[in-house]
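In: got a structure for you, letters missing:
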């Protein structure tokens, strides 16, 4: 008689410290902050933070079993601890994809699980469609395909659900400029004077933070209002939105066929206001081989209890399907 399969862990792992960290020179201007924690000989997983521009935090290590995974975290160009902070020079999606390859080669990783939420899901898709051979699996949360309809939803549509937050966001801009909030904010965010760009950054970032959780969360808004988070997030996000993330419209969906051989898990909050569920649904329809988990009582944030539980469980499923990363088909029990 077979014994019952034990339930997968869904709780975040305890806090840990990095084993290694440093700055990796990307070009004459940019240096990437990177770190490793967990098992140095474990299965590599790379965490991609959101924004773009939000930066990573120590909390992000907690999605992964440190006894099993070699946990690799980095801050994208201009974000978090990467230098120079908030810099837009040569800061595009193709640059970020190339930076991931630079880091992978630097660390001697052949293939890794790519784990990203919100903008991190966008970058994960762009990377996987460019370098599928180096992706053991994809774990994606709060899908953002960065189409014009999604950008317009962020700038104007969220007022239908969060009118008070949108009013604060919009009314920071003079009425004569509100027909183009993106241009008005970009003008202020790119001003060299901190007395101009920092207040604008806090307005933009706290608007996003307020709308990120199903229920009001003062701690989330406080995090989004921190100077490093606010400036990196607002300035870089506006830069990418202005340039349609430097990719052709719909390209991430149009190239979904390149994901067919990569095991994938999509986690989406039903009431995600920042990245509405339509994008996850569109992605799953284009990539039906991926597992798809809709969390009924959750918004956008990775720290919503139902979201974090599904993300931890996703990494536990990958862990239990093999003891160490071999081929990605072995990882999730699929056939080539």
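Out: Structure's in. What do you need? On a predicted model such as this, the values are computed, not experimentally measured, just so you know.

In: which residues of the stretch 101-250 of the chain fall in helices?
Out: Taking DSSP state H, counting those that start in this stretch to define them, one finds helices in the stretch 101-250 of the chain at 119-130, 148-155, 163-171, 181-189, 194-210, 218-225, 227-242.

In: list the buried ones in the last one?
Out: So that's helix 227-242. If you call a residue buried by 16 or more other Cβ atoms under 10 Å, then helix 227-242 has these buried ones: 229-241. (Each C-beta comes from the backbone N, C-alpha and C, glycine too.)

In: Pull out the buried positions in whatever helix or strand comes next after it.
Out: Going down the chain from helix 227-242, the next helix or strand is helix 251-254, by DSSP states H and E. Within helix 251-254, the residues that count as buried by 16+ other Cβ under 10 Å are 251, 252, 253.

In: would you turn the buried residues of helix 227-242 into JSON lines with pLDDT?
Out: Output for the buried residues of helix 227-242, formatted as JSON lines (pLDDT from 0 to 100):
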{"residue": "229", "pLDDT": "97"}
{"residue": "230", "pLDDT": "98"}
{"residue": "231", "pLDDT": "98"}
{"residue": "232", "pLDDT": "98"}
{"residue": "233", "pLDDT": "98"}
{"residue": "234", "pLDDT": "98"}
{"residue": "235", "pLDDT": "98"}
{"residue": "236", "pLDDT": "98"}
{"residue": "237", "pLDDT": "98"}
{"residue": "238", "pLDDT": "98"}
{"residue": "239", "pLDDT": "98"}
{"residue": "240", "pLDDT": "98"}
{"residue": "241", "pLDDT": "98"}
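
In: if we can go back for a sec, which one, of the helices of the stretch 101-250 of the chain, ends up nearest to residue 310?
Out: Residue 310 sits nearest to helix 119-130 of all these, at 13.8 Å, using Cβ to Cβ.

In: Pull the residues that contact that closest one.
Out: The contact list for helix 119-130, computed with Cβ atoms under 8 Å, 6 or more residues apart in numbering, reads 47-52, 54, 76, 93, 96-97, 100, 114-116, 135, 138, 140-146, 237, 240, 245, 247, 252, 255-256, 258-259, 262, 283.

In: Now for residue 310: which residues touch it?
Out: Residues in contact with residue 310, defined by Cβ under 8 Å, 6+ apart, are 10, 141, 267, 293, 295.

In: Just those residues: which are in strands?
Out: 141, 267, 293, 295 (DSSP state E).

In: Compare those residues and tell me which is most surrounded.
Out: When neighbours are taken as other Cβ atoms under 10 Å, the top entry among the ones in strands among the contacts of residue 310 is residue 141 (33 neighbours).

In: wait, that one sits on residue 303?
Out: No: with contact defined as Cβ atoms under 8 Å, residue 141 does not count as touching residue 303 (11.0 Å).

In: Save the contacts of residue 310 as TSV, and put in pLDDT too.
Out: Shown next, in TSV, are those (pLDDT from 0 to 100):
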residue	pLDDT
10	97
141	98
267	98
293	98
295	98
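
In: Perfect, I'm done here.
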